[in-house]
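Generate a structure from the sequence data that follows.
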Amino acid sequence: MRTVSFAAFARLLAGATLIAMGSSTYAASTWNLGGCATATAIGPYSSANTGCTGSLAGNTAHAYAWATTGSGSTFAAATLETSGAGSGFRVKAAGESTDSPQHAMDNSGATKLIAFHFDIAVALDKIILGWTQNDADITVMAYLGAGAPSGFIQGKTVSNLTTGGVASGWALIENSGDVDAGSGDTGGTPASSTDITRTVNGGNVVSSWWLISAYNVGYGGGTLDNLSDFVKILSISSKDVSKVAEPGSLILLSAGLLGLVVVRRRRT
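Numbering: from 1, shown residues only. Got it, this is the predicted structure:
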């Protein structure tokens, strides 16, 4: 009776695993958010004139805005606006003033965020802020659930958006910024048009859905200050990362190969 040695099986498994892992790559790209002059509806997650769509290197990015209707309240669709090629995207909540510094994505009173959906999943890399005032801390989240977000953001609060972690879909990737002196709308810095680059996602998380919000301790992992943050997002970039097979896929592959070995032994 012929037998298959452990060494031979190991070589077979290793070769098949490498094939399964593959070498497909998520390409690096940069989406400039300062030049979107026309707001469009992006159903089913936004209403008319609240979002914007742009394409680059065969990957389309959809952006749309959300804001809480007051401190501690639930999120509702807001309006995504552009401040021109040099500043970037801002968020206007319903009934909110467009005067400085409220004409930004901020956490003064209401908390605002911008949601991004990519037709092809990306690993977020850099976020460039084209305008800031007082402070410039942000929170980055990704959707890691199965399929498309069902509940998404509508009707959720800051505190329950990431409740349950990956199991409920949205996961906190990181809070990006620093600890500054002062509190509230004081102790920060004057308005600045100097670009600030935030490098995020050191864990190379890949997702089709990303949220960038003005910093809020309620999302979790709160280690920054309590200054009000006023920012405009000028551009976002993705990074090159290789996609490997998920652990579950490798387990199934191993089990299948082992079954083939057993069958072959029985037939011989």
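
contacts and neighbour counts: CA atoms only from here.
Noted.

The stretch 1-150 of the chain: helices as residue ranges?
Using DSSP state H, counting those that start in this stretch, the helices of the stretch 1-150 of the chain run over residues 6-21.

which ones are touching residue 197?
Contacts for residue 197 (C-alpha atoms under 8 Å, 6 or more residues apart in numbering) come out as 126-129.

Relative to the helix or strand where it lies, what are the paired strands and their orientations?
Using DSSP states H and E, residue 197 sits within strand 196-199. Looking at strand 196-199 with DSSP bridges, its partner strands are strand 124-134 (antiparallel).

For the strand it pairs with, give me every contacting residue.
Strand 124-134 has contacts (C-alpha under 8 Å, 6+ apart) with 86-88, 101, 185-202, 204-206, 227-239.

Now which of these would you call buried?
By neighbour count, with 16 or more other C-alpha atoms under 10 Å, the contacts of strand 124-134 hold 86-88, 101, 185, 188, 195-196, 198, 200-201, 204-206, 227-239 as buried.

Just the ones of those in helices?
Within the buried ones among the contacts of strand 124-134, no residue falls in helices by DSSP state H.

quick one: which of the contacts of residue 197 is most hemmed in?
Highest neighbour count within the contacts of residue 197, by other C-alpha atoms under 10 Å: residue 129, with 25 neighbours.

Now do the contacts for the closest residue to it other than its chain neighbours.
In this structure, residue 129 finds its nearest non-sequential neighbour in residue 233, 4.6 Å apart by C-alpha to C-alpha, 6 or more residues apart in numbering. Residues touching residue 233, when contacts are defined by C-alpha under 8 Å, 6+ apart, comprise 33, 87-90, 127-131.

Please identify the buried residues of stretch 92-107?
Neighbour counts over stretch 92-107 (16+ other C-alpha under 10 Å) mark 92-93, 101-107 as buried.

Tell me the one of the residues you listed nearest residue 136?
Checking the buried residues of stretch 92-107 against residue 136 by C-alpha to C-alpha gives residue 106 as the nearest, at 9.0 Å.

Just list the residues touching the closest one, thanks.
Contacts for residue 106 (C-alpha under 8 Å, 6+ apart) come out as 112, 213-214, 228-231.

thinking again about what came up before, of all the contacts of residue 197, which comes closest to residue 81?
Using C-alpha to C-alpha, residue 129 is the member of the contacts of residue 197 that lies nearest residue 81, at 14.6 Å.

Tell me how far the nearest residue to residue 220 once chain neighbours are set aside lies from residue 142.
Spatial nearest neighbour of residue 220, chain neighbours left out: residue 172 (7.1 Å); criterion: C-alpha to C-alpha, 6+ apart. Distance, residue 172 to residue 142, using C-alpha to C-alpha, to the nearest Å: 7 Å.

neighbour count winner among those two?
Counting neighbours by other C-alpha under 10 Å for residue 172 and for residue 142 shows that residue 142 has the greater number, 26 against 19.

Report the beta-bridge partners for that one.
Here residue 142 sits in beta bridges with residue 171, residue 210, as judged by DSSP bridges.

circling back: quick one: the residue nearest to residue 220 from residue 159, how far?
Separation of residue 172 from residue 159 (C-alpha to C-alpha): 12 Å.

Common neighbours of the two, please.
Counting by C-alpha under 8 Å, 6+ apart, the shared contacts of residue 172 and residue 159 are 219-220.

Pretty sure residue 160 sits in a helix.
Yes. Under DSSP: H, G, I helix; E, B strand; the rest coil, residue 160 sits within a helix.

In contact with the closest residue in space to it that isn't next to it in sequence, which residues?
Nearest residue to residue 160, sequence neighbours excluded (C-alpha to C-alpha, 6+ apart): residue 219, at 7.7 Å. Contact analysis of residue 219 by C-alpha under 8 Å, 6+ apart lists 139, 158-162, 172.
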